[in-house]
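Asks: Provided below are the primary sequence and the corresponding predicted coordinates.
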Amino acid sequence: MIKRVVARAYANIALVKYWGKQPGFQNVPATPSISLTLKALRTETIIERKPGGDDIFIINDKSTDRISTKRLTDYLNVWRTNKLIDGKYSIKSTNRFPTKSGLASSASGLAALSIGLSAFSRRKISSAKLSKLARIGSGSAARSIVGGLASLPNTANPSARLLIPFDEIPWGMVVVEVDKAEKEIGSRRGMELSRKFSPYYDAWVGCAERDYRRMLKAIQVMDFTRVGEITENNALAMHACMIATRPSLLYWTSATVAILQAVKRWRNQGLESYATIDAGPHVVILARQVDLEKVAGRARRLKGVKSVMKSMPAGGAKIIKCS
Ligand code: DP6
């Protein structure tokens, strides 16, 4: 019987964003999404079988708070109810991110946890099934299971599909961390608020569906300019929907706006790069790998920037050790 498993997964940044859920309990996204998984955003998770008691969760050397403990216990219950695993577990997860910005950590965390749990299962779990299970834990985690450039449709019970493997992608990203504003509203709650209270929510869902179709075509021919334009426009459309939510989900700070304007300026000067932003003030810049250092160098000189980190693409979630 397996007692201890070490799993690894990388977080991803969406080029076409998931923002909004369909009704029901399966965490099905309302918008289809496409992402790039990043080598610099790595999570390692150790899972050990416990003789009894409750599940235990430790993230970055700290016990989880009540809300996260419930969310993670509920997730393990999905596995237990489906008779994929039995018993209780001790889970210790560490984000080996060079920054503390908390960027996309639920994607890598839930992906590492899911693949780790699959090692304890007596049943064989396919990669598609695993991606579906990870999605129930966190929508974006479904994409980190496959890595590279991955798509997650908004069909019934979707799983992520690998579009381009990580070692065939000539692009990378520069993560630009800025000072946080106040306490942010997390993605899970934020997207529910937008669905209920943003007058632009339906328009956003329609826009994301069109962007998704265009992005699939652009990726098929690896057209960097098209991919970049769709990426930046899609993020701005999502933020327009967020900002219009009542009360407003305004994640940006003045530094966020300054970086957006700088990226546009660099483009006009011939340094082709494109910006995207998740549910926070940080900006992630998509660039060709040959331009990553130049983009990072320029980003470091901008006002209000806390840290700058380059990243190459990464592969899918993996089991590192099993004993
Ligand atoms: C803005 O995957 O964190 O980063 O399914 O509720 O766990 P849950 O949400 P989550 O949402 C990600 C939102 C986003 C865009 C994206 O990654 O596609």
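Replies: That came through fine.
Asks: Up against the ligand, what does this protein have?
Replies: The chain comes close to the ligand at residues 14, 17-19, 27, 33, 106, 138-140, 187-188, 278-279, as judged by CB under 6 Å from any ligand atom. All C-beta atoms are positioned from the backbone trio N, CA, C, and that covers glycine.
Asks: Filter these down to the ones in helices?
Replies: 106, 187, 188 (DSSP state H).
Asks: Now which of the residues you listed would you call buried?
Replies: For those, a burial check counting by 16 or more other CB atoms under 10 Å picks out 106, 187.
Asks: Out of the ones in helices among the residues of the chain next to the ligand, flag the one nearest to residue 204.
Replies: residue 187 (14.4 Å; CB to CB).
Asks: Do I have it right that the closest one meets residue 249?
Replies: No: taking contacts as CB atoms under 8 Å, residue 187 lies outside contact range of residue 249: 10.2 Å.
Asks: Dump the ones in helices among the residues of the chain next to the ligand into CSV; add pLDDT as well.
Replies: Listed next are these as CSV, based on pLDDT from 0 to 100:
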residue, pLDDT
106, 90
187, 93
188, 94
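Asks: give me phi/psi at residue 40?
Replies: phi -70, psi -10 (degrees, to the nearest 10).
Asks: Number of residues surrounding residue 53?
Replies: Residue 53 is flanked by 8 other residues according to other CB atoms under 10 Å.
Asks: List the contacts of it.
Replies: residue 88 (CB atoms under 8 Å, 6 or more residues apart in numbering).
Asks: Pretty sure it sits in a helix.
Replies: No: applying DSSP: H, G, I helix; E, B strand; the rest coil, one finds residue 53 to be coil, outside a helix.
Asks: picking up where we left off before, identify the contacts common to residue 187 and residue 249.
Replies: In contact with both residue 187 and residue 249: residue 279, using CB under 8 Å, 6+ apart.
Asks: Just give me the closest of the ones in helices among the residues of the chain next to the ligand to residue 272.
Replies: For these, the nearest to residue 272 is residue 187 (28.9 Å; CB to CB).
Asks: Stretch 6-15: how far from the chain's middle?
Replies: 7 Å (CA atoms, centre = their mean, to the nearest Å).
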